[in-house]
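S.K.: Got a sequence here, can you model it:
(4 chains)
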Protein chains: 2
Amino acid sequence: MPQNRRPVPKEQKRKELLAAAAELFVVEGYDAASVSRIARAAGVTTNTLYWYFRDKDELLVAAAEVFLRALLTEHATKADEPLAEQLAWLVEQLRPIRHLVVTVHARIALSTAIAEWHSGFHETVEELFERQLPGEIPASARAQEAAAATFALEGAVIHDLDPTTTRQLCRSVAERLQQATQVAGRSVSD
Amino acid sequence: MPQNRRPVPKEQKRKELLAAAAELFVVEGYDAASVSRIARAAGVTTNTLYWYFRDKDELLVAAAEVFLRALLTEHATKADEPLAEQLAWLVEQLRPIRHLVVTVHARIALSTAIAEWHSGFHETVEELFERQLPGEIPASARAQEAAAATFALEGAVIHDLDPTTTRQLCRSVAERLQQATQVAGRSVSD
DNA sequence: ACCTGAACACCGTTCAAGT
DNA sequence: ACCTGAACACCGTTCAAGT
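M.R.: Numbering: from 1, shown residues only, chains lettered A, B, ... in the order given. Take a look at the predicted model:
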């Protein structure tokens, strides 16, 4: 129905299309949410989407970015809670979009846009974890500790672990991050 | 060229088709390896594949199973090496088929065959890890330790971590598994 | 600048027909 | 029992044409 005269400014319309895509990506998954379905949900023709987005992967990147920004913003308000609680909260937030998490990994090889966003994502998250580490740890061990924590959480999200095991996992990841000094030192020196 | 008379017994032909599929899955990835390409590579028509396999996902499951069996068999010969070495070896073996690992996760929601194989896979792997744990650990903590180890390795495979970080990660996972008693006890009791 | 209808080359899967 | 040619309903993407 929205003819040509663009009753709506460009950026806002882009956001509307993106919202429709994000919604469908989450509830149906990337593959099932075809471009034509997304377009229909947004009230436009299929190829209109290609005016606002280069391809379907750019739509996925944009959706992932929106979720990530929202997550980080809300997480900032919880910075003074115990680390284990923060982690459990993160897992809980990511669980409903595990479809997206897993699809991003699957498409790294197929789309450079996805690949780039994904490495940016890991930089962000690991930096966040490294901030929790005590100061005097060698750089390589820091990277390993942050990676291990990230993988543990990603695993908990992807495999949807039951709640009690998730809590235990988060507690032990948190403990590990905050006490990494001795263990890391031991691992490196022997 | 292989007409009708079936010069080849059923099970063997199935294996040949599977081999062609597995090869293409690994080198091109699941999506890029279309059913028609697989068929051509195996020297048959597209729909012949559907005589031997229910659908493309069953092909993926069969390929994954072949890789897993081979991996476990070869791993059995390394049972007396240090655990950290075993883990690093596992990661190294899985790295070339990370495409498959990630695709299996992505397709859990789309195929019950994949979903079932995947949970069997985790049972196998986690059982393998639980055997490394000292005896007197509560069941729930055992599950969490095994899951954490699995996720760490899966993460290392999927994100292809650089070799030195991988080694460090494997060492600390191994250490963690073998010393889990105190930590698990502490995590549970506080 | 924005949007469309129609087409393109593919995809996984099925079916009726052959031997 | 095994295999095929031809079709089906889709897919993501593009393009010439409209305003």
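
S.K.: low-scoring pLDDT stretches of chain A, where are they?
M.R.: A:1-6, A:180-190 (pLDDT under 70).

S.K.: And the nearest residue to A:T103 once chain neighbours are set aside, how far from DNA strand C?
M.R.: Leaving aside its chain neighbours, A:T103 sits nearest to A:Y30 (4.3 Å; criterion: Cβ to Cβ, 6 or more residues apart in numbering or on different chains). In short, each C-beta sits where N, CA and C put it, glycine included. Per Cβ to the nearest atom of the strand, to the nearest Å, A:Y30 is found 15 Å from DNA strand C.

S.K.: Which of the three states applies to A:Y30?
M.R.: Secondary structure state of A:Y30, per DSSP: H, G, I helix; E, B strand; the rest coil, is coil.

S.K.: Same check on the one 3 residues further on?
M.R.: Going by three-state DSSP, the secondary structure assigned to A:A33 is coil.

S.K.: For the nearest residue to it once chain neighbours are set aside, give its distance to chain B.
M.R.: Nearest non-adjacent residue to A:A33, counting by Cβ to Cβ, 6+ apart: A:L24, 3.8 Å away. Computed as Cβ to the nearest Cβ, to the nearest Å, the A:L24 to chain B distance reads 14 Å.

S.K.: if we can go back for a sec, what's the local residue count around the residue nearest to A:T103?
M.R.: Applying other Cβ atoms under 10 Å in any protein chain shown, we find 23 residues neighbouring A:Y30.

S.K.: Help me confirm that A:Q168 comes into contact with B:Q144.
M.R.: Yes. Taking contacts as Cβ atoms under 8 Å, A:Q168 lies within contact range of B:Q144: 4.3 Å.

S.K.: Looking at these two, which has the bigger crowd around it?
M.R.: B:Q144 (28 against 23).

S.K.: ok, now which ones touch the more buried one?
M.R.: Taking Cβ atoms under 8 Å, 6 or more residues apart in numbering or on different chains, we find B:Q144 in contact with A:165, A:168-169, A:172, B:184.

S.K.: isn't the residue nearest to A:A33 right up against A:I38?
M.R.: Yes. The pair A:L24 / A:I38 is scored as a contact, 5.4 Å apart, by Cβ under 8 Å.

S.K.: From the contact counts, what lies against the helix or strand that contains A:L59?
M.R.: Using DSSP states H and E, A:L59 falls within helix A:56-76. On a contact count with 3 or more Cβ pairs under 8 Å, 6 or more residues apart in numbering or on different chains; DSSP states H and E, helix A:56-76 meets helix A:10-28, helix A:83-94, helix A:98-107, helix A:112-130.

S.K.: Might you enumerate the residues of chain A proximal to chain B?
M.R.: Contact residues, chain A versus chain B (Cβ under 8 Å from any Cβ of the partner chain): A:29, A:31-32, A:99, A:102-103, A:105-106, A:108-110, A:122, A:140-141, A:143-144, A:147-148, A:150-152, A:154-156, A:158-159, A:161, A:164-165, A:168-169, A:171-173, A:175, A:183-184, A:186-188.

S.K.: The same query, at a cut-off of 7 Å, please.
M.R.: By the rule Cβ under 7 Å from any Cβ of the partner chain, the part of chain A lying against chain B is A:29, A:31, A:99, A:102-103, A:105-106, A:109-110, A:140-141, A:143-144, A:147-148, A:150-152, A:154-155, A:158, A:161, A:164-165, A:168-169, A:171-172, A:175, A:183, A:187.
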